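**Student:** give me a model of this one.
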Amino acid sequence: MVQVPDKPLVPDNSLITASPEDGRALAIMLSRHSIHAMQRELEVLTNGRAQYSHDPYGLIAASHVIAVEFATIAAANNYWRVEPVA
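**Tutor:** Numbers count the residues shown, from 1 in each chain. Sure thing, here's the model as predicted:
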């Protein structure tokens with residue numbers, strides 16, 4: 001079977017991003033890399049997509065994983081800082 005290629009789990013070994021939009025994209029990438037790290041067999045990974053792509057509970061669970069990744073990235077980048085009032 002074909003293996004999913006190895007990729008770093010945290011690109012450039014940093015969670016710091018230029019913007020919240022970049023942080024969200026990084027959260028999605030990290031979530032995908034986690035799935036690939038857990039399921040290395042490409043055939044098994046792609047065969048399961050037909051089932052879970054139409055499962056609303058699976059899609060909600062996947063969205064939750066991305067949200068948790070984004071919360072971690074947002075904390076690392078201090079996205080929720082309070083701006084001083086002028």
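**Student:** which helix of this protein spans the most residues?
**Tutor:** Counting by DSSP state H, the longest helix found in the chain is helix 56-77.
**Student:** same for that one, what does it pack against?
**Tutor:** Using 3 or more Cβ pairs under 8 Å, 6 or more residues apart in numbering; DSSP states H and E as the contact test, the elements touching helix 56-77 are helix 20-38. Placement of C-beta: from N, CA and C, glycine included.
**Student:** in the helix it packs on, what counts as buried?
**Tutor:** Gly23, Arg24, Leu26, Ala27, Met29, Leu30, Ser31, Arg32, His33, His36 (16 or more other Cβ atoms under 10 Å).
**Student:** low-scoring pLDDT stretches of this protein, where are they?
**Tutor:** For the chain, applying pLDDT under 70 flags the ranges 82-86.
**Student:** quick one on the thing from earlier: which of the buried residues of helix 20-38 lies closest to Val44?
**Tutor:** His36 (11.4 Å; Cβ to Cβ).
**Student:** check contacts around the closest one.
**Tutor:** Val4, Lys7, Leu45 (Cβ atoms under 8 Å, 6 or more residues apart in numbering).
**Student:** rebuild those as JSON lines, extending it with neighbour count, secondary structure and distance to Ala61.
**Tutor:** Listed next are those as JSON lines, based on neighbours: other Cβ atoms under 10 Å; DSSP: H, G, I helix; E, B strand; the rest coil; distance: Cβ to Cβ, whole Å:
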{"residue": "Val4", "neighbour count": "18", "secondary structure": "coil", "distance to Ala61": "20"}
{"residue": "Lys7", "neighbour count": "11", "secondary structure": "coil", "distance to Ala61": "22"}
{"residue": "Leu45", "neighbour count": "15", "secondary structure": "helix", "distance to Ala61": "16"}
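**Student:** thank you, goodbye.
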